[in-house]
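Novice: Pasting the sequence and the predicted coordinates here, then a few questions.
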Amino acid sequence: MAASDYEATIGLEVHAELLTQTKLFCSCPTRFGAEPNTHTCPVCIGMPGVLPVMNRKAFELTLKTALALECEIPEELNFDRKNYYYPDLPKNYQISQNYLNIGAKGRLEILVDGEKKEIGIWNVHLEEDAGKNMHGEGPDADYSLVDLNRTGTPLMEIVSAPDMHTPEEVEAYCKTLRNTLLYLNVSDCKMQEGSLRFEPGISVRKKDDPELGKRVEIKNLGSITAAVKAVEYEIERQIQVLEEGGTIPQETRLWDVDHNRSERMRSKESSHDYRYFPEPDLVWFSTDEAWLGKIRKTLPELPTAKRMRFMADFGLSDYDAGVLADDQSLAQYYEDCLAHNDNAKGLANWIINDVLRAVNEKGITLDEYGVQPEALAALVKIVDSGTLSVAQGREVLADVAATGKPPEEIIKEKGLEQVSDEDELTSVVEQVLAANPKAAEDIKAGKKKAMGFLIGQVMRETQGKANAKVVGPLIEKLLSS
Amino acid sequence: MELHELSAVDIHSKVTSRELSAVEIAKASLGRIAALDPKIKAFAHVDETLVLAVAESVDKKIASGKPVGRLAGVPVALKDNMCAMGQPATCSSKILEHFVPPYDAHVVERLKAEDAVVVGKTNMDEFAMGSSTENSGFFTTHNPWDLERVPGGSSGGSAAAVAAGMVPLALGSDTGGSIRQPAGFCSIDGMKPTYGRVSRYGLIAFASSLDQIGPLARNIADTALLLEVISAPDRRDSTCVDLAVPPYTEEIGQAPQGLKIGVPKEFFGEGIEPEVDAAVRAAIDVYSDLGAEVIDISLPHSEYCVATYYIVATAEASSNLARYDGVHYGHRSSQCGNIIEMYSATRAEGFGDEVKRRIMLGTFALSSGYYDAYYLRASKVRNLIKMDFDAAFEKVDVVLCPTSPTAPFKAGERTDDPLQMYLSDIFTISVNLAGISGISVPCGFTQAGLPIGLQIIGKHFDETTVLRVAKLFEDRTDHHTRRPEIAE
């Protein structure tokens, strides 16, 4: 059988660290990169006798995400304990949610090749992060160290339905979800700092098989690229095993980023029984409509909706709309420009080709780039009117970025205004024709090749200010009169 | 009157009026401990230097004319599952033998704020699991009324220390009767407040949804005083209710009017020693003689209390005690080659049999496939038990019953029979499951001279009525004035 006879079924668990100043159940800071065990207190290191106190902000950010993902929100909520032993988990239980989640039965729309697809969200819940084990290095190392700085950091888990079937869909889902979280301002999504982590569950079956295959979970994926690679690898691996007559056991595998392959971590038999039960140290709290309504009011238009609106309202391509809508500040910039200039396509091109390139090349933010939307809108208008060539426009844009001056001022300073006025150009053209009688004769005889030369001469005489589009017809007009 | 006989209220007034110094009181307390504790073994740790230093600072404060707190110079003992900064907190467990918390429990902060003198930490059943203090990982405490008998538990050390006059006040914790049962066994007052009345911050957890700290004392005025001091809202405990604390010390001055007393039929009858039954019925007669209306009531789900309790409490305990694994603090076994072996060996060496038994019970009750049949069902029955009390309190102000079905039993008598031991708490457990308050007060003695306790149970956050009803009894009887021979 060929690979195309198989179908993969993929669901994703995504963990996002929330943008709070303090931890989920104590007031230790959540800042990344401090000396080990400096951001700790008796509560987050689980000393005997301490109790958790919930961080309301973390709860609200999760609630906001759940609402944005169109989840159902239970009226009464609590936390559960997830029991397992690990040195980076000082209480040997994690305060999480199992029986009830902050949000359930939601959805996220993604675009794959311009096609809209809906991915179900099983639940959105809140839990505390664990610490980090660091194992002694070298062959003689017989110790491990534990850093508890991250312990207790608020972590939001978003569990999707197994609605994806291809690596492309996984990529679109991960990117859309990441952009959504950034839009909502609930997580910084800094993957290099572990703020966003992915755990796909993948099974493969023959297309005509009514039963799903055994699910394999992949852990240790700290970037979208790694998640997509791992999914590609796993689909291929499972198909190969099945093709060779083997079976896929339900198991958890660990992704090896350096070698782009996965290794078995544990089988289902050795998987944990987490013995969930309601966390008795925290009280139940209600999500009344007043609270939810207040949060709903803060929800922005989400990336996919924005992208589709850009396509429908402004006639942008799927790609261009995606580039603009992926980044909330860029999309805002685009719409701010549109307030001053209604050439939606033209502005999109300028932003994607020129603004974005400059920003990326310099590694700066849009704010740091320094070209106000009004300025870009004005400049594009000038270019569109033919006063500047596109090349000149780019030159001016660079100067606006460097100096912060309005484009009109720079054009004046540089004397870049293109001359399109026929009356102004007639005397120059007449001079050029008089000085080049042979070329003039050639054109009269129908030899159009000479035209380029004559226009070039006019440009030289006007230091490039003449509008070539006006000069050509003017030459023909003067010669035929 | 000897110094050790003074009540907390008396000590406060004599120390603040400078009739006596806090140091004299502290020395008297330390002297009593030195004289009696080798036989009773109520205390696990006493730091004499620290005690005298604290007492001295209270005296200085008074001498300088500064205002002092409501417990100025009063010696208080702490059960060894409450954290006091810089002092050991072992829970009478080998696994925490060398654990010294870097913070004060909320109740300890409150005691310090009121200028009390914490004299030491008292022995208990390991992690508060037990009814005799025989489960201590270190030694057994003896009942001051009969050294061959148990003082009850798990707050046996605190109860024995108060009964023997080593301290006028002690704090205990009560998860299923651990304050009231030893108070009954030692013939003193011991109160479990409503769940949420006293912050659990700094109380080393046994079963989080049941644990509550409460006072042990030799009279109701002292009990009310200590309760008033420790009951303050605390944001560090989410389950602690943000309610204004009533002035119990004033409110007990007023006798309850038109009192209606409920007597549950389920708490009398089979399994109760006849002398206990007779003493409690006599106590009820005292109230009816005073004009109280005595009403027969039913708490129909009482027969499920013990079963429900041993699922809920052990489930929570199995999780609460998971942190004692040798990684971060406490005992770590040297017999291990890898992390799993270290966990196993550390816990095998560090925990006693009863603690292991309960961890296993609780782990089982929460296991996948059993959760619904055990933990979830127990939670539902717990709600029914609570509703029983709600219904009863529609008709009555308080419920009266024995604290324990028996008088203090002999040490070793029940250690091989955990189920028999669990029945010691049959009348106290339901109060924890329902989250309400209850007190044990002395109500007589057996012919052999062993104490009998009367339990008074009240509504949610109605400690005032419970204390008033207790005071009414105290005013009409003299059981509370009797002292054990060893303490004479």
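Specialist: Great, that's in hand. Numbers count the residues shown, from 1 in each chain, chains lettered A, B, ... in the order given.

Novice: how about the helices of the stretch 351-488 of chain B, start to end?
Specialist: B:353-366, B:377-395, B:418-422, B:429-434, B:463-476 (DSSP state H, counting those that start in this stretch).

Novice: Can you tell me, leaving aside adjacent residues, what's nearest to A:Leu366?
Specialist: Nearest residue to A:Leu366, sequence neighbours excluded (CB to CB, 6 or more residues apart in numbering or on different chains): A:Ser329, at 5.2 Å. Placement of C-beta: from N, CA and C, glycine included.

Novice: weakest of the helices of the stretch 351-488 of chain B by average pLDDT?
Specialist: Ranked by mean pLDDT, the helices of the stretch 351-488 of chain B bottom out at helix B:418-422, which scores a mean of 83.

Novice: Please list all residues in contact with the residue in the stretch 1-150 of chain B positioned nearest to chain A.
Specialist: The minimum distance from the stretch 1-150 of chain B to chain A, using CB to the nearest CB, falls at B:Cys83 (4.7 Å). B:Cys83 sits next to A:Pro48, A:Gly49, B:Ala89, B:Pro101, B:Tyr103, B:Asp104, B:Ala105, B:Val108, B:Gly202, B:Leu203, B:Ile204 when contact means CB atoms under 8 Å, 6 or more residues apart in numbering or on different chains.

Novice: And the nearest residue to it once chain neighbours are set aside, how far from B:Ile25?
Specialist: In this structure, B:Cys83 finds its nearest non-sequential neighbour in B:Pro101, 3.8 Å apart by CB to CB, 6+ apart. Look at B:Pro101 and B:Ile25: by CB to CB, to the nearest Å, they are 26 Å apart.

Novice: about what we covered before: need the winner for burial among the helices of the stretch 351-488 of chain B.
Specialist: helix B:429-434 (a mean of 28; mean count of other CB atoms under 10 Å in any protein chain shown).

Novice: how about it, does it reach chain A?
Specialist: No - under the criterion of CB under 8 Å from any CB of the partner chain, helix B:429-434 makes no contact with chain A; the nearest approach is 12.4 Å.

Novice: ok, the residue of the stretch 101-250 of chain A found nearest chain B - contacts?
Specialist: Relative to chain B, the nearest point of the stretch 101-250 of chain A is A:Val146 (7.2 Å; CB to the nearest CB). Residues counted as contacts of A:Val146 (CB under 8 Å, 6+ apart) are A:Pro87, A:Asp88, A:Gly131, A:Lys132, A:Asn133, A:Met134, B:Val327, B:His328.

Novice: need the contact list for A:Gly201.
Specialist: Contact partners of A:Gly201, counting by CB under 8 Å, 6+ apart, are A:Ile10, A:Gly11, A:Leu12, A:Glu13, A:Pro162, A:Arg215, A:Val216, A:Glu217, A:Ile218.

Novice: Now the last one: closest residue in space, sequence neighbours ignored.
Specialist: To tie it back to what came earlier, the one meant is A:Ile218. In space, A:Ile218 is closest to A:Ala230, 4.9 Å off (CB to CB, 6+ apart).

Novice: quick one: least confident helix or strand in chain B?
Specialist: Sorted by mean pLDDT, DSSP states H and E, the helices and strands of chain B end with helix B:418-422, the least confident at a mean of 83.

Novice: With only the CA atoms kept, save that one in PDB.
Specialist: C-alpha atoms of helix B:418-422 as PDB (Å, rounded to 0.1, in the frame of the first residue of the first chain):
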ATOM      1  CA  PRO B 418      -7.000  -0.300  64.000                       C
ATOM      2  CA  LEU B 419     -10.800  -0.600  63.500                       C
ATOM      3  CA  GLN B 420     -11.400  -0.600  67.200                       C
ATOM      4  CA  MET B 421      -9.200   2.400  67.500                       C
ATOM      5  CA  TYR B 422     -11.100   4.200  64.700                       C
END
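
Novice: which parts of the stretch 301-450 of chain B sit against chain A?
Specialist: For the stretch 301-450 of chain B, the residues in contact with chain A (CB under 8 Å from any CB) are B:315-316, B:318-319, B:322-323, B:325, B:327-329, B:339, B:343, B:363, B:366-368, B:371, B:375.

Novice: burial of the residue nearest to A:Ile218, as a residue count?
Specialist: A:Ala230 has 28 neighbouring residues, counting by other CB atoms under 10 Å in any protein chain shown.

Novice: Who are the contact partners of the residue nearest to the spatial centre of chain B?
Specialist: In chain B, the residue lying closest to the centroid (CA atoms, centre = their mean) is B:Ile179, at 2.2 Å. Applying CB under 8 Å, 6+ apart, we find B:Ile179 in contact with B:Ser155, B:Ser158, B:Ala159, B:Gly172, B:Ser173, B:Gly190, B:Met191, B:Lys192, B:Gly214, B:Leu216, B:Ser440.

Novice: From those residues, pick the one nearest A:Pro139.
Specialist: Among the contacts of B:Ile179, B:Ser173 lies closest to A:Pro139 (CB to CB), at 49.6 Å.

Novice: So for the nearest residue to that closest one once chain neighbours are set aside, what pLDDT did the model give?
Specialist: In this structure, B:Ser173 finds its nearest non-sequential neighbour in B:Ile213, 5.2 Å apart by CB to CB, 6+ apart. We have a pLDDT of 98 for B:Ile213.

Novice: What score does the most far-flung residue of chain B relative to its centre have for pLDDT?
Specialist: Relative to the centre of chain B, and counting by CA atoms, centre = their mean, the farthest-placed residue is B:Gly337 at 41.0 Å. In this prediction, B:Gly337 carries a pLDDT score of 82.

Novice: now A:Val204
Specialist: Confidence for A:Val204, expressed as pLDDT, is 96.

Novice: List the residues that contact it.
Specialist: Contacts of A:Val204 (CB under 8 Å, 6+ apart): A:Tyr6, A:Glu7, A:Ala8, A:Thr9, A:Gly213, A:Ile235, A:Gln238, A:Ile239, A:Leu242, A:Ile248.

Novice: From the residues you listed, list the ones also adjacent to chain B.
Specialist: Applying CB under 8 Å from any CB to the contacts of A:Val204, none is adjacent to chain B.

Novice: closest to B:Lys61 out of the helices of the stretch 351-488 of chain B?
Specialist: Closest to B:Lys61 of these, according to CB to CB: helix B:463-476, at 29.4 Å.

Novice: got the contact list for stretch A:471-481?
Specialist: Taking CB under 8 Å, 6+ apart as the rule, stretch A:471-481 contacts A:422, A:425-426, A:429-430, A:433, A:440, A:443-444, A:451, A:454-455, A:458-459.

Novice: Can you tell me which of the residues of the stretch 301-450 of chain B next to chain A are buried?
Specialist: B:315-316, B:318-319, B:322-323, B:325, B:327-329, B:339, B:343, B:363, B:366-367, B:371, B:375 (16 or more other CB atoms under 10 Å in any protein chain shown).

Novice: if you look at those residues, which of them are in helices?
Specialist: B:Ala315, B:Glu316, B:Ser318, B:Ser319, B:Ile339, B:Tyr343, B:Thr363, B:Leu366 (DSSP state H).

Novice: Please identify which of those residues is nearest to chain A.
Specialist: Among these, and counting by CB to the nearest CB, the member closest to chain A is B:Leu366, at 3.8 Å.

Novice: Hmm, A:Tyr274 and the closest one touching each other?
Specialist: No - contact criterion CB atoms under 8 Å: B:Leu366 and A:Tyr274 do not qualify, at 9.1 Å.

Novice: just checking, the residue nearest to B:Ser173 touches B:Gly172?
Specialist: Yes - shown here, B:Ile213 and B:Gly172 form a contact pair, counting by CB under 8 Å, at 7.4 Å.

Novice: Can you verify B:His331 is assigned to a strand?
Specialist: No - counting by DSSP: H, G, I helix; E, B strand; the rest coil, B:His331 is not part of a strand but coil.

Novice: near chain A at all, stretch B:226-235?
Specialist: Yes - Stretch B:226-235 reaches chain A (CB under 8 Å from any CB) through B:Arg235.
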